[in-house]
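Q: below are the sequence and a predicted model; questions follow.
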Amino acid sequence: MSTKTPKSPKGSTAKVQVHVDSLQDMGKRFVSAWKRAEAGEPVNETHITFLDVEAMVATLSPRRLELLRYVRQHGASNTRELSAAIGRDYKNVHQDVAALEAVGLLLRDGRKLSAPWDEVQASVALAPGA
């Protein structure tokens, strides 16, 4: 997992695409990006894959989305500062930060937290390869 902040082409937004689908479909996205990069095409995209919708919904709970929005707009020097700023218990915010960091939605540089995404797009495959 990279801790580099994604750069958006001028006039576009930094977005992360969240998918609920199989490891096979995740691999297909990787191979496609690899081939485009080999062909000299710019590849500037971020994907996060969950294997089931329950995991995605648990990770992207309303509280965690609120936390992401706050960090996107204001940044956070550390988790303790963030918990005070959003008026939530430190332990719960710490758990939320750890979960969002583990999937790559929150990035850390030292203790400083960032959410470089302007947009989170989610898709759920109802059929294989959809």
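A: Received the coordinates, thanks. Numbering: from 1, shown residues only.
Q: only C-alpha atoms for contact and neighbour calcs from this point on.
A: Will do.
Q: what sits closest to residue 80 if chain neighbours are left out?
A: Spatial nearest neighbour of residue 80, chain neighbours left out: residue 90 (6.2 Å); criterion: C-alpha to C-alpha, 6 or more residues apart in numbering.
Q: gap between that neighbour and residue 96?
A: 10 Å (C-alpha to C-alpha, to the nearest Å).
Q: mind checking which of those two has more residues around it?
A: With neighbours defined as other C-alpha atoms under 10 Å, residue 90 and residue 96 compare such that residue 96 has more, 22 against 15.
Q: what helices or strands is the host helix or strand of the more buried one leaning on?
A: Assignment of secondary structure by DSSP states H and E places residue 96 within helix 90-103. When contacts are defined as 3 or more C-alpha pairs under 8 Å, 6 or more residues apart in numbering; DSSP states H and E, helix 90-103 packs onto helix 79-86.
Q: what's the angle between the helix it packs on and helix 90-103?
A: Per axes from the mean of the first three to the mean of the last three C-alpha atoms, to 10 degrees, the angle that helix 79-86 makes with helix 90-103 is 110 degrees.
Q: buried stuff in helix 79-86?
A: By 16 or more other C-alpha atoms under 10 Å, the buried positions in helix 79-86 come out as 79, 82-83.
Q: for the residue nearest to the spatial centre of the chain, helix, strand, or coil?
A: When the chain is reduced to its mean C-alpha position, the nearest residue by C-alpha atoms, centre = their mean turns out to be residue 105, at 2.6 Å. Secondary structure, DSSP: H, G, I helix; E, B strand; the rest coil: residue 105 is coil.
Q: for it, give its distance to residue 20.
A: Relative to residue 20, and taking C-alpha to C-alpha, residue 105 is found at 15 Å.
Q: report the contact partners of the residue nearest to the centre of the chain.
A: Residues in contact with residue 105, defined by C-alpha atoms under 8 Å, 6 or more residues apart in numbering, are 68, 115, 117.
Q: and the gap between it and residue 48?
A: According to C-alpha to C-alpha, residue 105 and residue 48 sit 9 Å apart.
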